[in-house]
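Colleague: below are the sequence and a predicted model; questions follow.
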Amino acid sequence: MMTNLFSSFDPSTNVFSMNWLSMFLPWMFIPFVYWFTPSRFNMVWMKLTKVLNNEIKTLTPNKESKGMSLFIISIFIMIMINNFMGLFPYIFTSTSHMAITLSMALPLWLSFMIFGWIKKTMNMFAHLVPQGTPPILMPFMVCIETISNIIRPGTLAVRLSANMIAGHLLMTLLGSVGPLIPSPMVNILIIVQILLLILEMSVSIIQAYVFMILTTLYSSEVN
């Protein structure tokens with residue numbers, strides 16, 4: 001029995017907790033036939049990679065960031081699979097915890113900032129003052145742009161974890177009232193839960209895509 005409404009999203013503090021093994025479970029579901037080419041799984045994977053690569057190319061036309069697409073696509077696949085794994089019963093959603101989302105967002109942002117300020121200092125200073133800003137507003141714009149730049153890893157992490165928690169929490173609340181409602185209402189509850197499950201599947205893809213696009217945009221500003 002849950003002692004707290006958010007207890008399903010609170011993994012044990014023990015290092016050897018079984019909850020965190022959910023991050024390694026997807027490797028058990030990847031069939032071995034994927035590694036034989038050409039196979040259907042390989043064709044779907046390559047098609048997805050090609051579509052995502054074209055999306056990243058439109059945002060980062062600079063040739064210096066040519067090898068960045070493979071890294072960002074890997075992050076997208078990792079987040080999407082972990083989001084999907086959280087939809088299975090009794091499997092902890094690792095991407096709903098700030099320890100995972102912040103550990104992905106913070107190193108990425110920090111690496112972009114270190115590279116930008118060391119290699120392209122004048123370009124980073126130029127981003128602090130948008131083009132066409134009146135001279136009297138320039139000090140305020142520098143403060144605003146600096147604050148918005150600093151909170152970027154936090155917004156990336158919170159956006160992903162909050163969206164994962166919200167849908168799962170709603171499904172948990174609706175599922176807990178199942179034994180308390182009359183029998184004719186159970187059918188309606190099941191239909192609502194199925195619709196929510198479909199919505200959560202789309203949210204799992206969308207949030208991974210948003211994380212990938214925002215990371216690409218942050219890297220394109222540096223380049």
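Modeller: Looks like it came in fine.
Colleague: any stretches of this protein with poor pLDDT?
Modeller: Filtered on pLDDT under 70, the chain yields the residue ranges 1-20, 28-37, 39, 61-66, 223.
Colleague: those helices in it, which residues are they?
Modeller: 26-29, 40-59, 68-85, 98-119, 121-127, 138-150, 152-176, 183-222 (DSSP state H).
Colleague: for residue 80, which non-adjacent residue is spatially closest?
Modeller: Once flanking residues are discounted, residue 80 sits nearest to residue 208: 3.9 Å by Cβ to Cβ, 6 or more residues apart in numbering. All C-beta spots, glycine's among them, are computed from the backbone N, C-alpha and C.
Colleague: circling back to that earlier point, so can I have TSV of the helices of the chain showing distance to residue 92 and mean neighbour count?
Modeller: Putting those into TSV (distance: least, Cβ to Cβ, whole Å; neighbours: other Cβ atoms under 10 Å) gives the following:
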stretch	distance to residue 92	mean neighbour count
helix 26-29	13	10
helix 40-59	26	13
helix 68-85	9	19
helix 98-119	10	16
helix 121-127	39	12
helix 138-150	30	12
helix 152-176	10	17
helix 183-222	15	15
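Colleague: dump those helices into TSV; add distance to residue 91 as well.
Modeller: Below are the helices of the chain laid out as TSV (distance: least, Cβ to Cβ, whole Å):
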stretch	distance to residue 91
helix 26-29	11
helix 40-59	22
helix 68-85	6
helix 98-119	14
helix 121-127	41
helix 138-150	34
helix 152-176	11
helix 183-222	13
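Colleague: quick one on the thing from earlier: pull the contacting residues for the residue nearest to residue 80.
Modeller: By Cβ atoms under 8 Å, 6 or more residues apart in numbering, the residues touching residue 208 are 76-77, 79-80, 83.
Colleague: can I get the residues you listed in TSV including distance to residue 169?
Modeller: Converted to TSV, the contacts of residue 208 look like this (distance: Cβ to Cβ, whole Å):
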residue	distance to residue 169
76	24
77	25
79	19
80	20
83	15
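Colleague: closest one of those to residue 98?
Modeller: Comparing those against residue 98 with Cβ to Cβ places residue 79 closest, at 14.1 Å.
Colleague: now do the contacts for the closest one.
Modeller: Here residue 79 is in contact with 95, 104, 160, 207-208, 211-212 (Cβ under 8 Å, 6+ apart).
Colleague: can we see that at 6 Å?
Modeller: 95, 208, 211 (Cβ atoms under 6 Å, 6 or more residues apart in numbering).
Colleague: ok, of those residues, which one's closest to residue 118?
Modeller: Nearest member of these to residue 118, counting by Cβ to Cβ, is residue 211, at 25.3 Å.
Colleague: now the closest one: how far from residue 204?
Modeller: Distance, residue 211 to residue 204, using Cβ to Cβ, to the nearest Å: 11 Å.
Colleague: now swap in residue 153 and tell me
Modeller: Counting by Cβ to Cβ, the gap from residue 153 to residue 204 is 21 Å.
Colleague: repeat that for residue 95.
Modeller: 9 Å.
Colleague: show me whatever sits in contact with both of the two.
Modeller: The contact lists of residue 95 and residue 204 share residue 83, where a contact means Cβ under 6 Å, 6+ apart.
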